[in-house]
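> Fold the following, please.
(chains A and B)
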Amino acid sequence: MGFERDGNDPTRMTMRLFILIALAILVAWFAADSARADGSQDGNLRLPPNPVAGQPMSVGAGHEGGGTLYLIGPGQVIRREVKEGGEVQIKGEELRSAGRWVAILKSGGSSSSKVFWVKEGTPESLSFLAHPSRVPVARQGVINGFVFVFDRFHNLILQPTPVNFSLSVGGAGATHTVASRDGLASIDASSAAKEGAAQFVASVGNVSVRRVVQQVASEPCNLRMHVAQRTKDAVIIETDPVRDCSGNAVPDGTIVTFMQTDATGKSMVDARIKKGIAQAQLPLSSDATISVASGVVLGNNELRIGGGR
Amino acid sequence: MSRVLAIAFMVLTVALIVAGNVHHSKTAPASSPEGAVQSLFANVKDHNLNAAYSYVAPSSNVDFQDFQREMQGRDSSLRSYSQLESVNPRVMHESENEALVRTELKYSTAVGAFYDTRDLKVAKDDGTWKVQWPAQKEQPLPPQVIPVNYLRWDVIWRGPGDDWGAQNVENPHVRILSMTASEHDGGISILGEIVNEDTIPAFVSVDATLVGKNGQDLAEETSFDKVSHVLLPKEVSPYRVDFPQRSLGEVKNVRLRPDSMLVPASADPVIGVLHQRIEKDAKGRTVLKGELLNESGQTVNIPHVLATFYNDSGKVIWVSDGYLDQALRPQTPQPFAVDLRDDLASSAHSYRVTVNQYSVNRRD
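Numbering: from 1, shown residues only, chains lettered A, B, ... in the order given. Prediction:
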């Protein structure tokens, strides 16, 4: 059960009428603003059609009067005295900010204004963020690169700009070009199979920025061990060189856990890899089973020592 | 009359002063086995070790220096930072000249209360009871050189001169391997394991938030010392976050947040955990016992044992921890015991022990 809709409800129709009027006013205001920004002559001000940040431009006053010219832009104000019918030259170094500007000419007791838009200059600097600084090898999409493209005066270039990304280890790698969108270009890349310092370079034209992403060995793979030595009351167990599934040596200091189970209970040593090999001393037993693990990876062989049975 | 009153008050004053200054002798001979133990530890509590030693039977063959070291602690162990708080002796059996006294000791330490239970033999010697103090003779280590060539990590951080976008050294990646919620004794415990899956050491902690049925946060706690804070690469640690006075019925969700931070660290020392087995202690409680062996050349001042218990499916059912009040000297085994809840003893199919350590002289 619910309320029935009445399309002829006067209140509803009044609301619709108000909304339509408000929309019409907004559209008219935007149209007027755009007309003021098209660089055409409007009264006393003459502006160039497509000014660019960092490039000189001239602003002219009409024959009705000179006076004081104010150019108000994002984070900037320029003031000049202009003669009747004359022109003011604005240097490129002064017109730094890209975006929406307002030109105001005050002449006597009257003033006229015009809105104009300054575009960004050519790409001259990049802000490049590479994440993370360290990744395991052979993983999909783990490396992210983000580039913001700026012109000489650090205006974000919103025009689509091709950004070249290159990721290489030892000279071998891949290159990909991405068009920036609203000033940002991003890419996801996979880590290589070989460990090493990957050179991650982003470039636009002659401008390039380099970051280093350290590719490190992944989880240990094929963890195997053997008895290295027996003493009077201990046995020394040693692993084969510990490597990941891509063949990279797992770094020294990585924990490898040796576990021995016998009649007296369970013994365990968290050994550290030294020079690629982990070694542990366990109590000698007449009948023990020894296993090895590193992190969440179990070794793929068990040792039985003693064997009194 | 006034003179009589003055003299009377003077005498009374002197008598009260004398009464106030008379002390019960702390070395009075013990007339019972319980009294001997009580007097010995009362003097230990008062830091009067000479008086305490007077209650040790000469036949114990324990010299005063050994007794003193044992009572006061040494090698910056936890015992050396603790204070005996209470003693509770109980005679287990007694004959005319011998007795066995079970003594429960409670120490106040920087890491909380520490409990110790000793079964002491007490014997009558010349009409007074004295304690047969168990001699703890340590095998002296032969002079030797133990090379320390384990890896050490140092960190160089980002500086003010680095440009924007040149990120700092990435924090280590850690991952929660498992999480279980357990309700007991009127509270909730969140248990599990965490692994450092990176190639650099990590300082970790685990925070947990209980979320109620309406989505509101009920409580937030941290693992505190129920986790091994410094994890080397591929090292796994248990964690336990306790929420007292909470019930699972009011909880809809648990939010876990593992924090990790890159810290300088050393791969030394290696501590072996030997001969672990589950047994009943003298009080009939279920405990996991074993021995710790410091395989390095430097003393580990305060060892901290963390035990993880698993059921037959490999799920973590409990995490227990305990400190040793004795330091781990190089190459010298030291016994340990951590408790396991009696209601879980039958479910515990396997266990794993990790050792945390706090050392005064190590530069990490």
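
> For stretch A:217-235, measure first residue to last.
One end of stretch A:217-235 sits 30 Å from the other (Cα to Cα, to the nearest Å).

> oh sorry, the question was meant for stretch B:100-118
Termini of stretch B:100-118 sit 10 Å apart (Cα to Cα).

> now stretch A:130-148
12 Å.

> Mind checking what helix or strand follows the strand or helix carrying A:Met13 in sequence?
Per DSSP states H and E: A:Met13 is located in helix A:10-36. Remark: after helix A:10-36, the chain's next helix or strand is strand A:45-46, criterion DSSP H and E.

> just checking, what packs against that next one?
Secondary-structure packing of strand A:45-46 (3 or more Cβ pairs under 8 Å, 6 or more residues apart in numbering or on different chains; DSSP states H and E): strand A:57-61, strand A:110-118. In short, each C-beta sits where N, CA and C put it, glycine included.

> mind checking which of these is nearest A:Gly85?
Closest approach to A:Gly85 among the helices and strands packed on strand A:45-46 (Cβ to Cβ): strand A:57-61, 6.4 Å.

> just how off-centre is the host helix or strand of B:Pro89 within its chain?
Per DSSP H and E: B:Pro89 is located in strand B:83-94. The chain centre lies 19 Å from the centre of strand B:83-94; the measure is Cα atoms, centre = their mean, to the nearest Å.

> May I have the strands that pair with it, each with its orientation?
Paired strands of strand B:83-94, with direction, are strand B:98-109 (antiparallel) (DSSP bridges).

> can I get the helices and strands packed on strand A:45-46 in CSV with mean pLDDT, mean neighbour count and distance to A:Arg134?
CSV is the format used below for these (pLDDT from 0 to 100; neighbours: other Cβ atoms under 10 Å in any protein chain shown; distance: least, Cβ to Cβ, whole Å):
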stretch, mean pLDDT, mean neighbour count, distance to A:Arg134
strand A:57-61, 87, 19, 48
strand A:110-118, 90, 18, 42
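
> I'd like these as a markdown table, with distance to A:Ile187 appended.
A markdown table is the format used below for those (distance: least, Cβ to Cβ, whole Å):
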| stretch | distance to A:Ile187 |
| --- | --- |
| strand A:57-61 | 36 |
| strand A:110-118 | 30 |
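
> The closest residue to chain A within the stretch 251-364 of chain B - nearest residue in space that isn't next to it in sequence?
In the stretch 251-364 of chain B, the residue that lies nearest chain A is B:Arg277 (3.7 Å; Cβ to the nearest Cβ). Spatial nearest neighbour of B:Arg277, excluding adjacent residues (Cβ to Cβ, 6 or more residues apart in numbering or on different chains): A:Gly265 at 3.7 Å.

> which outside residues touch the one helix or strand the residue of the stretch 251-364 of chain B closest to chain A maps to?
In the assignment (DSSP H and E), B:Arg277 maps to strand B:271-280. Residues outside strand B:271-280 that contact it (Cβ atoms under 8 Å, 6 or more residues apart in numbering or on different chains): A:264-270, A:280-283, B:286-295, B:300, B:303, B:305, B:328, B:333, B:340, B:345, B:348, B:351, B:353-355, B:357.

> that older thread, strand A:110-118 and the helix holding A:Met13, what's the angle between them?
Interaxial angle of helix A:10-36 relative to strand A:110-118 (axes from the mean of the first three to the mean of the last three Cα atoms, to 10 degrees): 90 degrees.

> Show me how far helix A:10-36 is from its chain's centre.
Distance, stretch centre to chain centre, for helix A:10-36: 40 Å (Cα atoms, centre = their mean).

> now swap in stretch B:103-123 and tell me
The answer for stretch B:103-123 is 11 Å, by Cα atoms, centre = their mean.

> Show me the helices in the stretch 151-300 of chain B, by range?
With DSSP state H, counting those that start in this stretch as the criterion, the stretch 151-300 of chain B has no helices.

> Okay, now the unreliable bits of it?
For the stretch 151-300 of chain B, the stretches flagged by pLDDT under 70 are B:162-167.

> Please report how far the closest residue to chain A within the stretch 1-150 of chain B lies from B:Asp198.
The minimum distance from the stretch 1-150 of chain B to chain A, using Cβ to the nearest Cβ, falls at B:Tyr150 (5.7 Å). To B:Asp198, B:Tyr150 is 18 Å away according to Cβ to Cβ, to the nearest Å.

> again, but for A:Gly183
Taken as Cβ to Cβ, the span from A:Gly183 to B:Asp198 is 33 Å.

> Could you do A:Asn206 as well?
Per Cβ to Cβ, A:Asn206 is found 37 Å from B:Asp198.

> circling back to that earlier point, compare A:Gly183 and B:Asp198 and say which is more crowded by neighbours.
Neighbour totals were compared for A:Gly183 and B:Asp198, and B:Asp198 leads with 22 against 18 (other Cβ atoms under 10 Å in any protein chain shown).

> How about the contacts made by residue 194?
Going with chain A. A:137, A:169-170, A:215, A:246, A:248.

> look at chain B instead
Taking Cβ under 8 Å, 6+ apart, we find B:Ile194 in contact with B:174-177, B:204, B:206, B:227, B:231, B:236-239, B:258.

> top of the residues you listed by neighbour count?
B:Tyr239 (29 neighbours).

> My read is that that residue contacts B:Lys226, right?
Yes - B:Tyr239 is within contact range of B:Lys226, at 6.1 Å (criterion: Cβ atoms under 8 Å).

> B:Ile302: neighbour count?
What B:Ile302 shows, counting by other Cβ under 10 Å, is a neighbour count of 25.

> Correction: the previous question concerned B:Asp268.
By other Cβ under 10 Å, 18 other residues sit near B:Asp268.

> again, but for the one 5 residues further on
As a burial measure, B:Val273 scores 23 neighbours (other Cβ under 10 Å).

> is it in a bridge, and if so with what?
Where B:Val273 sits in a bridge, its partners, by DSSP bridges, are A:Met268, B:Leu292.

> near chain B, which residues of chain A show up?
A:127-134, A:209, A:211, A:216-217, A:219-220, A:251-256, A:264-272, A:274, A:280-283, A:294-296 (Cβ under 8 Å from any Cβ of the partner chain).

> Mark which of the residues you listed are buried, thanks.
The neighbour-count criterion (16 or more other Cβ atoms under 10 Å in any protein chain shown) marks A:127-130, A:134, A:209, A:211, A:216-217, A:219-220, A:251-256, A:265-272, A:280-283, A:294-295 among those as buried.

> Distance-wise, check the closest residue to B:Leu340 other than its chain neighbours relative to B:Pro172.
Closest residue to B:Leu340 apart from its sequence neighbours, by Cβ to Cβ, 6+ apart: B:Thr286 at 4.7 Å. According to Cβ to Cβ, B:Thr286 and B:Pro172 sit 36 Å apart.

> of these two, who's got more company?
Using other Cβ under 10 Å, the more surrounded residue of B:Thr286 and B:Pro172 is B:Pro172, with 21 against 17.

> Quick check: the more buried one touching B:Leu262?
Yes - with contacts counted by Cβ under 8 Å, B:Pro172 reaches B:Leu262, the gap being 5.7 Å.

> list residues touching both of those two?
Residues touching both B:Pro172 and B:Leu262 (Cβ under 8 Å, 6+ apart): B:200-202.

> This completes my enquiry, with thanks.
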